[in-house]
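[1] predicted model and sequence below, questions to follow.
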2 protein chains.
Amino acid sequence: MVPHLITALTGPINELEQRILDTTPAIERWFRLEWMEHTPPFYSSVDVRNAGFKLAPVDTNLFPGGWDHLTTQMLPLAVQAAMAAIEKICPEARNLLVVPEHNTRNPSYLANVLQLKQIFHQAGLNVRFGSLSPDIKEPTKVELPSGESLVLEPLIRTDRRLGLKNFDPCTILLNNDLSAGIPGMLEDLHEQYLLPPLHAGWSVRRKSNHFKAYEEISKRFGKLLGIDPWLINPMFAHCGGVSFADGQGMECLTTHVDALLSRIKRKYKEYGINEKPFVMLKPDNGSSGQGVITVHDAKELEALGRKTKAKPGAARDGTPAADMLIQEGVLTNERIEGAVAEPVVYMMDRYVVGGFYRVNAERGVDENLNAPGARYEPLAFSDNGRLPQNGQKPGSSAPNRFYMYGVVARLAMLAASYELEATDPDAEVYD
Amino acid sequence: MVPHLITALTGPINELEQRILDTTPAIERWFRLEWMEHTPPFYSSVDVRNAGFKLAPVDTNLFPGGWDHLTTQMLPLAVQAAMAAIEKICPEARNLLVVPEHNTRNPSYLANVLQLKQIFHQAGLNVRFGSLSPDIKEPTKVELPSGESLVLEPLIRTDRRLGLKNFDPCTILLNNDLSAGIPGMLEDLHEQYLLPPLHAGWSVRRKSNHFKAYEEISKRFGKLLGIDPWLINPMFAHCGGVSFADGQGMECLTTHVDALLSRIKRKYKEYGINEKPFVMLKPDNGSSGQGVITVHDAKELEALGRKTKAKPGAARDGTPAADMLIQEGVLTNERIEGAVAEPVVYMMDRYVVGGFYRVNAERGVDENLNAPGARYEPLAFSDNGRLPQNGQKPGSSAPNRFYMYGVVARLAMLAASYELEATDPDAEVYD
């Protein structure tokens, strides 16, 4: 079950692992206190990159797909976390309405929502699927290659509630990241719990807000551990109104790419890291791996502009990439059977419930792996020992490494919680 | 990992399994609502017997040992449940004081408390052990055969608090069932959480109270499922002041054994079960398997009296067995490599976190297995599918069977919660 992992763990990361293991009770207490003040996202997944010398989240998904890639051993953890989540939100609930993505004919995506159904069924809810797609005019059975099937039903909106025919849910769970905008059907639902909230969707959310919140958290966490927060924080900058097609915002981009590369170079020098710095350009509201570019030198931007003019680039669903995140590139030094890999950690409520490796044989260590060619390997523990063990040689133990991934992923989840509080349009402000 | 199980699952139990699987969301919601009104025991383990035609709890332990027998794959579940439990009780806690049994030189028992330490450490607490033993006058390191070690420290009681030197815990976790009585040191601690509460100890607790509460719950649960509660409930009676040595209370015992055997016979006839009914005599406040006797006929009691006179029987810690529980004997039809086996289900807070089979090659299907010769096999899931699957042939799937065990064990845990409420000496009564 355990993929054979080759991890070049040298230098600071071993110290980080050791520090995290030594500080476990304090770390867990720190999270416990944070969750007393802040609400965790209902569910989330975080892409983590382990550079060997640095471990950082690079993307936090608040509408995670891919639940079908979790190892079956970990499903009871997801069920238990789902029970805890439901109990807090709507303990008397009988029904859960799941609103999946539009593109619901993709078998892999359907396997994902079936897995979610299985988890919430086991946690004590009747689960049905309501589609936003105008094509779903009546209950429609969709067959999966596995032989399983699911039924997509048309959503029924009344003045105050959203449901299906003969199905009135207490909670509506979005597994649709709303990149195409917020459908009117989902607006002004004040009697039901709509999770995640609408402003977590990509029509409102901005990566730069997330990483700003994460940066603050990494500083506080760094203080708790007595480490340089850079070891867990990807530095970033942000440019508004960028268009490669007409050259708009290129000056901002060039300046920030240049400055960020210099900052990374200084850090590499400080730690004696002999690697070539790079940055990742990402649409600030991007929902997937599309439109993500690796840049090693600001000069490359010009060439990018020329290329884009020839072939107009567009982010998902046809919206132009306007705001850009410029993120420190974090190498991944993990490989599975020779292919570059990065862990993706899944969380439900405040609990880490599993994960997998995203593996892409067609990509390099400094590239986005969430791209065609990606496959998934369960992030499983070896059979002897599922909990981290103190006293093990740093880097030598899969559970130790996974605990560290889980800590960093939870920091990103906490950042999402802060981010959603800060961007909540209905927040009450006390000054 | 999965022991090869031979389970004679025939007749009603298959229907029960199917009914439980079909009713999963309603069952989980029912538990959720119960836990809104009632506090689950901090931790517990339940001995379950699967007779093939009937599945029932026969013993509920509120100071469970044997945590070291849980499969390592299930430990993350225990950690997650421990996190949820701590968060409710004492979220700001840094320290947990564990008070183990007196007999702390037993390597298997020490492995159990070390496992508890590992679980609570991972959940975010500094764990230390405080001994009630007068022999522990200073921190004493105890080595385990595994090479691990733990330190037992003398308890320090101040006027208002219990702790260790330089260690002031928010919560004190008893892993000592107090069969020898309640030490003064544990009394009147109103500033700290003492868990389980003192009246859960065997100097106060009575099995008959527990099974009375369980009977009520099994009726309500039977109604929810539309089944005869007998399928999950071991019938029982109770006699006070029994002494085999001087013949005291033998009339009560004879009458009740006779009556209970007749009731079982009627039930067997109703279901066409071709087995010989039997009852178990158990000390009403017994903490272990000692003093448990199988009886097939009230006439056997006379012989028992004669035997006991020759060799005075005494329950644990030297207290005479005064009150007796007469419990319907539930056959176990599970075998591992030819030896008789029964599942033991472990729970933390309201969650099932694991279990194992108690296997005893020296015992019969109608005998207590918690006796010399017992060994333990992890109750593990097979690798393909850790969650119950609807549509599987009843009895054919380990996860299905384990889910059913977990439901019955949780009913017993709920009974313990009712029992502790009913027997709480500090309960406020509103009439």
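    Thanks, I have it. Numbers count the residues shown, from 1 in each chain, chains lettered A, B, ... in the order given.

[2] okay, the residue of chain A positioned farthest from its centre: pLDDT?
    In chain A, A:Asn166 marks the outermost C-alpha relative to the chain mean, sitting 34.0 Å out by CA atoms, centre = their mean. With respect to pLDDT, A:Asn166 scores 96.

[3] what's the answer for A:Asn14, then?
    77.

[4] secondary structure element holding A:Asp159?
    Under DSSP states H and E, no helix or strand contains A:Asp159.

[5] what's the neighbour count on it?
    A:Asp159 has 6 neighbours, counted by other CB atoms under 10 Å in any protein chain shown. Where C-beta positions appear, they are placed from N, C-alpha and C, glycine not excepted.

[6] likewise for A:Met36?
    Counted with other CB under 10 Å, A:Met36 comes out at 10.

[7] in the stretch 101-250 of chain A, what residue comes closest to chain B?
    Taking CB to the nearest CB, chain B has its nearest neighbour within the stretch 101-250 of chain A at A:Gly124, 2.5 Å off.

[8] I meant the stretch 201-350 of chain A, not that one.
    A:Arg350 (8.1 Å).

[9] got the contact list for that residue?
    A:Phe31, A:Trp35, A:Pro40, A:Arg410, A:Met413 (CB atoms under 8 Å, 6 or more residues apart in numbering or on different chains).

[10] does the residue of the stretch 101-250 of chain A closest to chain B touch B:Glu28 like I think?
    Yes. Between A:Gly124 and B:Glu28 there is a contact under CB atoms under 8 Å: 2.5 Å.

[11] the more surrounded of the two?
    Between A:Gly124 and B:Glu28, A:Gly124 has the larger neighbour count (other CB under 10 Å), namely 25 against 22.

[12] intersection of neighbour lists for A:Gly124 and B:Glu28?
    With CB under 8 Å, 6+ apart as the test, A:Gly124 and B:Glu28 both reach A:Met83.

[13] what's the distance between the residue of the stretch 201-350 of chain A closest to chain B and B:Lys88?
    13 Å (CB to CB, to the nearest Å).

[14] can you check A:Ala374 too?
    Taking CB to CB, one finds A:Ala374 at 40 Å from B:Lys88.

[15] ok, these two, which is more surrounded?
    A:Ala374 (18 against 12).

[16] so for the more buried one, what's the pLDDT?
    pLDDT, read off for A:Ala374, is 89.

[17] which residues does the closest residue to it other than its chain neighbours contact?
    Distance criterion CB to CB, 6 or more residues apart in numbering or on different chains; nearest residue to A:Ala374, sequence neighbours excluded, is A:Asn360 at 4.7 Å. Applying CB under 8 Å, 6+ apart, we find A:Asn360 in contact with A:Ala339, A:Val340, A:Ala341, A:Glu367, A:Leu369, A:Ala371, A:Gly373, A:Ala374, A:Arg375.

[18] just the closest of these to A:His256, please.
    A:Glu367 (20.3 Å; CB to CB).

[19] which SS class is A:Ser203?
    Secondary structure, DSSP: H, G, I helix; E, B strand; the rest coil: A:Ser203 is coil.

[20] ditto for A:Ile227
    coil.

[21] try A:Val353
    Under three-state DSSP, A:Val353 comes out as strand.

[22] list the contacts of it.
    A:Leu70, A:Met74, A:Leu77, A:Ala78, A:Ala81, A:Tyr346, A:Met347 are the contacts of A:Val353 under CB under 8 Å, 6+ apart.

[23] which elements pack onto the helix or strand encompassing the fourth one?
    Following DSSP H and E, the helix or strand that holds A:Ala78 is helix A:75-89. Using 3 or more CB pairs under 8 Å, 6 or more residues apart in numbering or on different chains; DSSP states H and E as the contact test, the elements touching helix A:75-89 are helix A:107-122, strand A:339-348, strand A:351-360, helix B:24-37, helix B:75-89.

[24] got the ones you listed as CSV, with mean pLDDT and distance to B:Arg128 columns?
    Converted to CSV, these look like this (pLDDT from 0 to 100; distance: least, CB to CB, whole Å):
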stretch, mean pLDDT, distance to B:Arg128
helix A:107-122, 94, 37
strand A:339-348, 93, 30
strand A:351-360, 92, 26
helix B:24-37, 96, 30
helix B:75-89, 93, 16
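
[25] between these, which one is closest to A:Asn61.
    strand A:339-348 (8.5 Å).

[26] what's the angle from that closest one to strand A:351-360?
    With axes from the mean of the first three to the mean of the last three CA atoms, to 10 degrees defining the directions, strand A:339-348 sits at 160 degrees from strand A:351-360.

[27] which strands or helices does strand A:339-348 pack on?
    Under the contact criterion of 3+ CB pairs under 8 Å, 6+ apart, strand A:339-348 touches strand A:43-50, helix A:75-89, strand A:334-336, strand A:351-360, helix A:398-422.

[28] among those, which is nearest B:Asp424?
    helix A:75-89 (23.8 Å).

[29] ok, then the element right after that closest one?
    Downstream of helix A:75-89, the first helix or strand assigned by DSSP H and E is strand A:95-99.

[30] that following strand near chain B anywhere?
    No. Using CB under 8 Å from any CB of the partner chain, strand A:95-99 stays clear of chain B, with a minimum separation of 8.8 Å.

[31] CA atoms of that strand as PDB?
    Output in PDB follows, covering the C-alpha atoms of strand A:95-99 (Å, rounded to 0.1, in the frame of the first residue of the first chain):
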ATOM      1  CA  ASN A  95     -30.600  15.200   5.200                       C
ATOM      2  CA  LEU A  96     -27.600  16.600   3.400                       C
ATOM      3  CA  LEU A  97     -27.800  18.100  -0.100                       C
ATOM      4  CA  VAL A  98     -24.600  18.000  -2.000                       C
ATOM      5  CA  VAL A  99     -24.200  20.300  -5.000                       C
END
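
[32] just want the angle from it to helix B:24-37.
    120 degrees.

[33] give me the residues contacting strand A:95-99.
    Taking CB under 8 Å, 6+ apart as the rule, strand A:95-99 contacts A:113, A:116-117, A:120, A:125-132, A:155, A:162-164, A:167-176, A:186.

[34] quick check: angle from that strand to helix A:75-89?
    110 degrees.

[35] so where's the stretch 51-200 of chain A uncertain?
    Applying pLDDT under 70 to the stretch 51-200 of chain A flags residues A:104.

[36] repeat for the stretch 301-431 of chain A
    Looking at the stretch 301-431 of chain A by pLDDT under 70, you get A:308-321, A:380-387, A:389-399, A:429-431.

[37] please repeat the previous calculation with a cut-off of 50.
    Applying pLDDT under 50 to the stretch 301-431 of chain A flags residues A:312-319, A:381-385.

[38] elements contacting the host helix or strand of A:Leu16?
    Using DSSP H and E, A:Leu16 sits in helix A:12-22. Judged by 3+ CB pairs under 8 Å, 6+ apart, the packing partners of helix A:12-22 are helix A:398-422.

[39] show me what the helix it packs on is packed against.
    By 3+ CB pairs under 8 Å, 6+ apart, helix A:398-422 packs against helix A:12-22, helix A:24-37, strand A:43-50, strand A:55-61, helix A:207-225, strand A:339-348, strand A:351-360.

[40] out of the ones you listed, which comes closest to B:Thr423?
    Using CB to CB, the helices and strands packed on helix A:398-422 put helix A:24-37 closest to B:Thr423, at 31.5 Å.
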